[in-house]
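*Asks:* Need coordinates for the below:
(one chain, ligands or ions: 3)
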Amino acid sequence: MGVSEGTVVQVDAKQVLVDLAGEVVPAALRGTLFEDLGTTKNPVAVGDRVRLDEDAEGPAVAQVLPRRNHLSRVASGHDPREQVLVANVDQLLVIGSVRQPGFSSNRTDRILAACEWHEIPTIVVFNKIDLAKRDEAAALEETYASVPVRVLRTSAKTGEGVEELGELLRDQVSVLYGPSGAGKSTLINQLEPGLNLKEGRISSYWKQGRHTTTFSRLHPLSMGGAVVDTPGIRVFRLFDVSARELRDLFPDIHRLSQHCQFDDCSHDHEPGCALDRALDEGLIAPTRWSSYLEMLDELRTDPRRSSDEEAP
Ligand SMILES: Nc1nc2c(ncn2[C@@H]2O[C@H](COP(=O)(O)OP(=O)(O)OP(=O)(O)O)[C@@H](O)[C@H]2O)c(=O)[nH]1
Ligand SMILES: [Mg+2]
Ligand SMILES: [Zn+2]
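*Replies:* Ligands and ions are numbered 1, 2, ... in the order given. Just a heads-up that it's a prediction; the model follows:
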């Protein structure tokens, strides 16, 4: 094989799958990749461009090439390191179902803030629109359109919005991200039936997904472009963002903050804060503000950050 370059389409514990000009091959991860990782957990992510070389044991990743962008989060409640979720993407689509499971503003807002931080363009998709009451979807759309972020309604069941979704994905490298059961895999199957991705059932009691997709995978689309199907997220915590930086990751809050009495207003207790009034006047969605406040609280109590954040 010699030395060659390709794109990582899947990451397993000890090996990755790499697309080498259309052919997907397994490649081992060399121990050297795990040196000098610092506070990062994983050396390689789906979407990474890698250089492979080959020894007696077969192909191995020799080097991860510089990333054009990436999305990361805190690995888990027990592991404060950075987990890189995906690299080198054009856009991320937050897939939320309006019902079964109900739409999670909090999770959506966390992902949007992370994409703002990593400068990844986003689209919010309200799926299962066939199950929604008319006003329900309109209110959600209004909230997100005012962020502003592009919004789209879809139903993998009736086909509403699916063609438009296809147009958005064409020739782009996109990630579909969101809670379990929202319909990520089902929507991708609608656009590329040959992939035959596993679709889950919704628990009849909890009205939640069952974490059917268990690993991220980059799939090429025959119309051009590629899409990453991801496992449903439970918790999403921003990695290495300060409380001060968080304000700028909510464009709607950032916009209003010029009317606050203090330039460095954190919008949670200061006198003369414009957010209070904006909330009364309906200029900011209560869900957006509460997402912000919850994340602010979390970042302030982050032990990694406590040294550089003074208590106000
Ligand atoms: N009524 C309705 N059901 C849908 C729609 N889209 C998906 N579903 C159903 O929702 C269930 C979950 O869909 P999946 O595609 O497995 O959801 P997912 O987001 O991939 O979930 P995970 O892989 O667990 O993260 C399946 O039973 C789908 O048939 C929709 O637009 N309307
Ligand atoms: Mg899935
Ligand atoms: Zn304020």
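
*Asks:* The residue of the stretch 51-200 of the chain found nearest ligand 2 is in what secondary structure piece?
*Replies:* Among the residues of the stretch 51-200 of the chain, Ser185 lies nearest to ligand 2; the distance is 3.2 Å by Cβ to the ion. From N, CA and C alone the C-beta is placed, and that goes for glycine too. For Ser185, the element it lies in under DSSP states H and E is helix 184-191.

*Asks:* who touches that helix?
*Replies:* 95, 125, 127, 154, 156, 159, 162, 165-166, 169, 176-178, 195-200, 212-213, 219, 221, 223, 227, 229-230, 232 (Cβ atoms under 8 Å, 6 or more residues apart in numbering).

*Asks:* among these, which are in reach of ligand 1?
*Replies:* Residues of the contacts of helix 184-191 in contact with ligand 1 (Cβ under 6 Å from any ligand atom): Asn127, Ala156, Glu199, Gly200, Thr212, Thr213, Gly232.

*Asks:* Redo those residues as CSV? Include distance to ligand 3, pLDDT and secondary structure.
*Replies:* Below are these laid out as CSV (distance: Cβ to the ion, whole Å; pLDDT from 0 to 100; DSSP: H, G, I helix; E, B strand; the rest coil):
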residue, distance to ligand 3, pLDDT, secondary structure
Asn127, 34, 98, strand
Ala156, 40, 97, coil
Glu199, 44, 96, coil
Gly200, 42, 94, coil
Thr212, 42, 95, coil
Thr213, 40, 95, coil
Gly232, 34, 96, coil
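
*Asks:* Phi and psi next, for the closest residue to ligand 2 within the stretch 201-312 of the chain.
*Replies:* Using Cβ to the ion, Thr213 is the residue of the stretch 201-312 of the chain that sits closest to ligand 2, at 3.1 Å. In this entry, Thr213 is assigned phi and psi values of phi -80, psi 130 (degrees, to the nearest 10).

*Asks:* Same question for the one 3 residues further on.
*Replies:* The main-chain torsion angles of Ser216 are listed as degrees, to the nearest 10 and equal phi -80, psi 140.

*Asks:* how many other residues sit next to Lys41?
*Replies:* By the measure other Cβ atoms under 10 Å, the count of residues near Lys41 is 17.
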